[in-house]
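# Got a predicted structure plus its sequence, pasted below:
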Amino acid sequence: MRMSTAENSRSAGTPRADTVIIASAVALSLIGLLALVIVVIAGVSGSTPSVTLTWIGMLTIPAAFILLVVEFGRAIARRRA
């Protein structure tokens, strides 16, 4: 017997949680991308790139990737339930 969509979404969490995870991943990736673009522009213009912006770019993009992997795992769990 197959579960309905409502029962299926309740078994692995709420759709709101999925939205929050995806929105957080998108926000982190955009922040990281913006930081790295600023670092590249600063480097090309001849000034010293900010260490803080470099670290922001190096940490936020992998964090966004991890969040997307978590969301992918939650989607797999929903399909199997």
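All right, it came through fine.

# so where's this structure shaky on pLDDT?
Counting by pLDDT under 70, the chain shows low-confidence ranges at 1-13.

# Tell me where it has helices.
Applying DSSP state H to the chain gives helices spanning 5-12, 15-44, 51-80.

# mind listing what the most centrally placed residue in the chain touches?
Taking C-alpha atoms, centre = their mean, the centroid of the chain lies closest to Ala25, which sits 1.8 Å from it. The contact partners of Ala25, by C-beta atoms under 8 Å, 6 or more residues apart in numbering, come to Ala64, Phe65, Leu67, Leu68, Glu71. The C-beta positions use only the backbone N, C-alpha and C, and glycine is treated the same way.

# Not counting its neighbours along the chain, what's nearest it?
Nearest residue to Ala25 in three dimensions, chain neighbours excluded: Leu67, at 3.9 Å (C-beta to C-beta, 6 or more residues apart in numbering).

# picking up where we left off before, just put the contacts of Ala25 in JSON lines and tack on distance to Arg80.
Output for the contacts of Ala25, formatted as JSON lines (distance: C-beta to C-beta, whole Å):
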{"residue": "Ala64", "distance to Arg80": "25"}
{"residue": "Phe65", "distance to Arg80": "23"}
{"residue": "Leu67", "distance to Arg80": "21"}
{"residue": "Leu68", "distance to Arg80": "19"}
{"residue": "Glu71", "distance to Arg80": "15"}
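
# Could you pick out the buried ones from those?
By neighbour count, with 16 or more other C-beta atoms under 10 Å, those hold Ala64, Leu67, Leu68, Glu71 as buried.

# Would you check that the residue nearest to Ala25 makes contact with Ser24?
Yes - proximity of Leu67 to Ser24 meets the contact threshold set by C-beta atoms under 8 Å, at 5.8 Å.

# Done for today, thanks.
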